[in-house]
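J.: Provided below are the primary sequence and the corresponding predicted coordinates.
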Amino acid sequence: MTAAESSILVSSTPASGATVTGPVEELTLRFNPPARLDELTVSGPDGLMPMKVASVGESDRYSVPVSVTAPGPYAVTWRATAGGVAHRGSFSFVVK
């Protein structure tokens, strides 16, 4: 994907750039077009947290349980496939 292309991730909860009150127990990702989520990693004050993803087919919404309890900045990186095309991206949020 080139820098000029828009991301297939249309929204997330917590939202990109958001400051939320912890803990965060679930990440929600919405894709357009629907995609198969292949990889999800969360990094924060406690280090790197790879998430187990078991996608079957393509979906427009994924809810992934997480255990984000420590205050501080978090970065989420993802990799997904939509229509046979690989996409990747990232977003961040802060827990206070």
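T.: Received the coordinates, thanks. Source: prediction; values computed, not measured.
J.: so who does the nearest residue to residue 95 once chain neighbours are set aside touch?
T.: Of all residues not flanking residue 95 in the chain, residue 22 sits nearest, at 4.1 Å (C-beta to C-beta, 6 or more residues apart in numbering). C-beta here means a position set from N, CA and C on the backbone, and glycine is covered the same way. By C-beta atoms under 8 Å, 6 or more residues apart in numbering, the residues touching residue 22 are 68-71, 95-96.
J.: repeat that with 7 Å
T.: For residue 22, the contact set (C-beta atoms under 7 Å, 6 or more residues apart in numbering) comprises 68-69, 71, 95.
J.: give me the element it is part of.
T.: For residue 22, there is no helix or strand it lies in under DSSP states H and E.
J.: distance of it relative to residue 63?
T.: Going from residue 22 to residue 63 by C-beta to C-beta, to the nearest Å gives 18 Å.
J.: same check on residue 83?
T.: When residue 83 is compared with residue 63 (using C-beta to C-beta), they lie 22 Å apart.
J.: swap in residue 51?
T.: Distance of residue 51 to residue 63, given as C-beta to C-beta: 11 Å.
J.: what about the strands in the chain?
T.: With strands called from DSSP state E, the chain shows them at 9-13, 19-20, 24-44, 47-51, 59-68, 72-82, 85-95.
J.: quick one: buried residues of stretch 8-15?
T.: By neighbour count on 16 or more other C-beta atoms under 10 Å, the buried set for stretch 8-15 is 8-9, 12, 14.
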